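# Any chance you could fold what I've pasted below:
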Amino acid sequence: CVSIFFLVANAFCMQMIRTALQRPLRRKPILSHWHFVRCFTNIFHKTERIVREREISSIPAKDSVHGLINEMKSYVDEFRRNEQNESMDEYWTRKSQQHVLAIVQCELADGVYTYYKGRNIELSLAVGSQCAERSALGTAVSSNLNLSRKDFKRIAVIDPTGTFIGRTPCGVCSECLQKIQEESPEFCVVTFPDDEFKCIHEH
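Now for the predicted structure:
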């Protein structure tokens, strides 16, 4: 615990020094301090709130979440077929050997939904890895240049191997998804607490 404290304190002091040196170039340098503190808060104190838990069999047929669930089932089946055939390049997940899939659900017209897929990509770069959630968001915005944040309705996240059941977005992705929720209040994260698609958690 002491080592972690000194590590955080040292990193915080270094950030303040860098910000002070760049003060003439920044309009509001103090914001970087708070952003830095918030990043460490997200790492060491992550809280989650489950909005509701629903059994898929009890969800009304008209509920648009069924479309997202079916898309995720197909995506997971595709992953497992490729994994069984050993056709996937392990380079993309060589850092953690973990696999994450995400699908974004967007409503382009009244009752008309489109889906965009994403997976985690782990490259040895200073900017870090690309999580599946942000990969799906990037696919959506790149595929449809007219998308706005209010068009995003849900995002589903899953570990297709079943190793981490009920996997949720990391702190960075959660902060990114909160930006979408500012314009689309009903936007939520859908996770799966089992590997048989019997139930969903909506965050």
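
# tell me the centre residue of the protein?
Glu133 (3.4 Å; Cα atoms, centre = their mean).

# For that residue, which non-adjacent residue is spatially closest?
Nearest residue to Glu133 in three dimensions, chain neighbours excluded: Cys173, at 4.2 Å (Cβ to Cβ, 6 or more residues apart in numbering). Every residue, glycine included, has its C-beta placed from N, CA and C.

# after the helix or strand encompassing the one you found comes which helix or strand?
With secondary structure defined by DSSP states H and E, Cys173 is part of helix 171-181. Next helix or strand after helix 171-181 toward the C-terminus (DSSP H and E): strand 188-191.

# packing partners for the next helix or strand after that following strand?
Next helix or strand after strand 188-191 toward the C-terminus (DSSP H and E): strand 199-202. Strand 199-202 is packed against strand 52-55, helix 65-84, strand 188-191, with contacts defined by 3 or more Cβ pairs under 8 Å, 6 or more residues apart in numbering; DSSP states H and E.

# partner strands of the last one, parallel or antiparallel?
Same thing as strand 188-191. Applying DSSP bridges, strand 188-191 is found paired with strand 152-158 (parallel), strand 199-202 (antiparallel).

# rank the ones you listed by mean pLDDT and give me the bottom one.
The weakest mean pLDDT among the strands paired with strand 188-191 belongs to strand 199-202, with a mean of 93.

# buried ones in that one?
For strand 199-202, burial by neighbour count (16 or more other Cβ atoms under 10 Å) applies to 199-201.

# ok, residues contacting it?
With Cβ atoms under 8 Å, 6 or more residues apart in numbering as the test, strand 199-202 has contacts from 50-56, 65, 69, 166, 188-193.

# repeat that with 6 Å
50-55, 188, 190-191, 193 (Cβ atoms under 6 Å, 6 or more residues apart in numbering).

# how about CSV for those residues, with neighbour count and distance to Trp92 added?
Output for the contacts of strand 199-202, formatted as CSV (neighbours: other Cβ atoms under 10 Å; distance: Cβ to Cβ, whole Å):
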residue, neighbour count, distance to Trp92
Ile50, 12, 30
Val51, 9, 32
Arg52, 9, 34
Glu53, 10, 32
Arg54, 14, 32
Glu55, 9, 34
Cys188, 20, 28
Val190, 21, 24
Thr191, 22, 22
Pro193, 13, 26
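
# Most widely separated two among those residues?
By the measure Cβ to Cβ, Glu55 and Cys188 form the most distant pair in those, at 17.0 Å.

# where does the residue nearest to the centre of the chain land in three-state SS?
What DSSP: H, G, I helix; E, B strand; the rest coil gives for Glu133 is helix.

# roughly how far apart are it and Lys198?
With distances taken as Cβ to Cβ, to the nearest Å, Glu133 is found 23 Å from Lys198.
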